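Participant: predicted model and sequence follow; I will ask about them next.
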Amino acid sequence: MCGIVGLFLKDKSLEPQLGTLLADMLVTMTDRGPDSAGLAIYSGTDGKTLKVTVQSAEPEADFEGLAEALAAAGYPASVTVKSTHAVIALQAASADGIRETLARIRPSLRVMGVGESVEIYKETGLPADVIDRFDIRAMSGSHGIGHTRMATESAVTTLGAHPFSTGADQCLVHNGSLSNHNNLRRALIREGIAFETENDTEVGAAYLSAAMAGGKDLGEALDGALSDLDGFFTFVVGTKSGFGVLRDPIACKPAVMAETDQYVAFGSEYRALVGLPGIETARVWEPEPATVYFWDHEKAA
Amino acid sequence: MPVFDLSKSSLRDLNQALHALTDGDNDTAFEVVNPRGSHAIAVGIDEPVTVDVHGSTGYYCAGMNDGGTVTVHGSAGPGVAENMMSGTVIIEGDASQYAGATGRGGLLVIKGNAASRCGISMKGIDIVVHGNIGHMSAFMAQAGHLVVLGDAGDALGDSLYEAKIFVRGSVKSLGSDCIEKEMRPEHIDALQDLLKRAGVTDVSPEEFKRYGSARKLYNFNIDNADAY
């Protein structure tokens, strides 16, 4: 099944509550998938800092002295450790080659996501445990997406958890299963894109990243996905300032959305939305199949 | 009157109380508050009880209903009134996917819009939707009536058997083997009765078009291969 949630705030006064609101939404969706859970939180940008979220199976060994090792390699950075994850913040202008450097100085680290705004936390286990472990409720931000997984296409591992991030500040959560992911993965590998898992969703995420790297905006990339991706999907995507939803033309995977003056919210079920402020008077609807929905802070401003 | 507050009592308590009713019981008007999108509310009713749900429901509300009258004062999630046998289910708001699926009898009234696959594989249920319906509605529908006051989405009545479809608004596209058919006096009469039972008073049956099966897919015929 899998459960997806997403929350895009229009009202800045709600931003300190983003983590708590999103956490409650995801915990409600726990019974749609108990295998792993993850969240991506967008907390704005100062335009100068790049954040790299990394995960380690042995956090004590890997994170000890990481800041010093990065500085010695020419990447002065602050390292904030949260359980098995750490957020490395460094000068965006000097961030070229950071992935290669991390692979060299800490080969056991896995990069969850890179971006000016996004931080990604995901692990195997129930949403409530993942949320506590990373203190998600304390996080503020402008928008975020979350996922609780019932594994179908690949192993129950940290890397198999959602969200999948395959481009700066881009991430994707998925409910469904893609049937042409192997073919598409081969085509994307020929274009030079690297994959870390056998997971179908990673292919969906990489497809969108490749399309955007080729000059499309997210809306155009999602349009292309309708003809190039085969199978069932409800996608919820995040970008630095945007939030999008797409369902395949059959649209049998559930989705419900709500919009008020304060926010746009997505849930696999209405249950996920019942704790949101003003939900009783929100406009609630089911997104149409094969229709791209997209909101963007920059375009709204 | 029994009142179940689902923020305090469990769904199982509600459904067990409904199942425990027997012929001649006096507590026949139930209220449900704070449904908060819960699944399987008022499923398996088999007595002529009324249930008023104040708020929106999740999956399979009023499934398998046999003789009850369930009103949702809100919107309903996927599979509302699935496999209804008899009785009445009224949704004041919108309904999600496959409303009334496989229903064998009774009346389902949706006062808002219904999403995709409304009445899929219906087998005798009558469904009246005041608003619009989504794509693939009445797919493989076998018997009963689907009445739509608004518009219908893509592939209406795909692989239809003998269910009758009446649409007042536009139809985005017809599915395989579904065609528009003549409105004869008996259809006007049947539709008039359905509209009356669904509380529709300001609409005349003459405003509807009828759709039904062309019956080309009943037996395999190589000349019809394109239609399969």
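Facilitator: Yep, that arrived.

Participant: need the contact list for residue B:2.
Facilitator: Contact partners of residue B:2, counting by CB atoms under 8 Å, 6 or more residues apart in numbering or on different chains, are B:17, B:27, B:29-31. In this view, the C-beta of every residue, glycine as well, is placed from N, C-alpha and C.

Participant: give me the buried entries from those residues.
Facilitator: By the neighbour-count criterion of 16 or more other CB atoms under 10 Å in any protein chain shown, these include these buried positions: residue B:30.

Participant: what residues does the stretch 151-300 of chain A have near chain B?
Facilitator: A:251-252, A:254, A:256, A:269-274, A:284-286, A:288-289 (CB under 8 Å from any CB of the partner chain).

Participant: apply 10 Å and report the result again.
Facilitator: With CB under 10 Å from any CB of the partner chain as the criterion, the stretch 151-300 of chain A comes near chain B at residues A:249-256, A:267, A:269-275, A:279-280, A:284-290.

Participant: among those residues, which ones are in strands?
Facilitator: Mapping those onto strands (DSSP state E) picks out A:256, A:267, A:284-285.

Participant: widest-spaced pair of those?
Facilitator: A:267 and A:285 (12.0 Å; CB to CB).

Participant: who's more crowded, the two?
Facilitator: More crowded of residue A:267 and residue A:285, by other CB atoms under 10 Å in any protein chain shown: residue A:267, with 27 against 16.

Participant: can you name the helix or strand that residue A:186 falls in?
Facilitator: helix A:181-190 (DSSP states H and E).

Participant: what mean pLDDT does that helix have?
Facilitator: For helix A:181-190, the mean per-residue pLDDT is 96.

Participant: swap in stretch A:88-103?
Facilitator: Mean pLDDT, stretch A:88-103: 91.

Participant: buried sites along the helix holding residue A:186?
Facilitator: Buried-residue list, helix A:181-190, by 16+ other CB under 10 Å: A:181, A:184-185, A:188.

Participant: where are the low-confidence patches of chain B?
Facilitator: Along chain B, the model assigns pLDDT under 70 to residues B:227-228.

Participant: which bits of it sit near chain A?
Facilitator: So far as CB under 10 Å from any CB goes, chain B lies against chain A at B:34-39, B:55-59, B:74-78, B:93-98, B:113-117, B:134-136, B:153-154.

Participant: tell me the residue of chain B that sits nearest chain A?
Facilitator: residue B:37 (3.7 Å; CB to the nearest CB).

Participant: wait, that residue sits on residue B:53?
Facilitator: No - between residue B:37 and residue B:53 there is no contact under CB atoms under 10 Å: 11.1 Å.

Participant: strands of chain B, residue ranges please.
Facilitator: B:3-5, B:29-33, B:50-54, B:66-73, B:86-91, B:107-110, B:123-129, B:143-148, B:164-167, B:178-181, B:209-213.

Participant: longest helix in chain A, please.
Facilitator: When chain A is parsed with DSSP state H, its longest helix is helix A:200-213.

Participant: buried sites along it?
Facilitator: Residues of helix A:200-213 classed as buried: A:200-212 (neighbour count, 16+ other CB under 10 Å).

Participant: before we move on, back to that, can you lay out the contacts of residue B:2 as CSV showing distance to residue B:105?
Facilitator: Converted to CSV, these look like this (distance: CB to CB, whole Å):
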residue, distance to residue B:105
B:17, 24
B:27, 25
B:29, 22
B:30, 22
B:31, 25
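
Participant: neighbours around residue B:41, how many?
Facilitator: As a burial measure, residue B:41 scores 29 neighbours (other CB under 10 Å).

Participant: for residue B:59, see how far away it is.
Facilitator: Counting by CB to CB, to the nearest Å, the gap from residue B:41 to residue B:59 is 9 Å.

Participant: which neighbours do those two have in common?
Facilitator: Listed contacts common to residue B:41 and residue B:59 are B:76-77, B:80; contacts here mean CB atoms under 10 Å, 6 or more residues apart in numbering or on different chains.

Participant: nearest residue to residue B:206 other than its sequence neighbours?
Facilitator: Using CB to CB, 6 or more residues apart in numbering or on different chains and skipping the chain neighbours, the partner closest in space to residue B:206 is residue B:188 (6.9 Å).

Participant: my error: substitute residue B:30 in the last question.
Facilitator: residue B:51 (4.5 Å).

Participant: run through the residues that contact the residue sitting furthest away from the middle of chain A.
Facilitator: Distance from the C-alpha centroid of chain A peaks at residue A:72, with 30.8 Å (CA atoms, centre = their mean). By CB under 10 Å, 6+ apart, residue A:72 lies in contact with A:65, A:105.

Participant: before we move on, what about residue B:43?
Facilitator: Contacts for residue B:43 (CB under 10 Å, 6+ apart) come out as B:11, B:14-15, B:18-19, B:59-65, B:70, B:82-83.

Participant: ok, it to residue B:72 distance?
Facilitator: For residue B:43 relative to residue B:72 (CB to CB), the value is 13 Å.

Participant: next: residue A:41.
Facilitator: In terms of CB to CB, residue A:41 sits 35 Å off from residue B:72.

Participant: could you check which residue of the stretch 51-200 of chain A lies nearest chain B?
Facilitator: For the stretch 51-200 of chain A, CB to the nearest CB, closest residue to chain B: residue A:175, 13.4 Å.

Participant: where does the stretch 1-150 of chain A dip in pLDDT?
Facilitator: Checking the stretch 1-150 of chain A against pLDDT under 70 turns up nothing.

Participant: of all of it, which residue lies closest to chain B?
Facilitator: Counting by CB to the nearest CB, the stretch 1-150 of chain A gets nearest to chain B through residue A:28 (8.7 Å).

Participant: surely that residue is in contact with residue A:272?
Facilitator: Yes - with contact defined as CB under 10 Å, residue A:28 counts as touching residue A:272 (5.0 Å).
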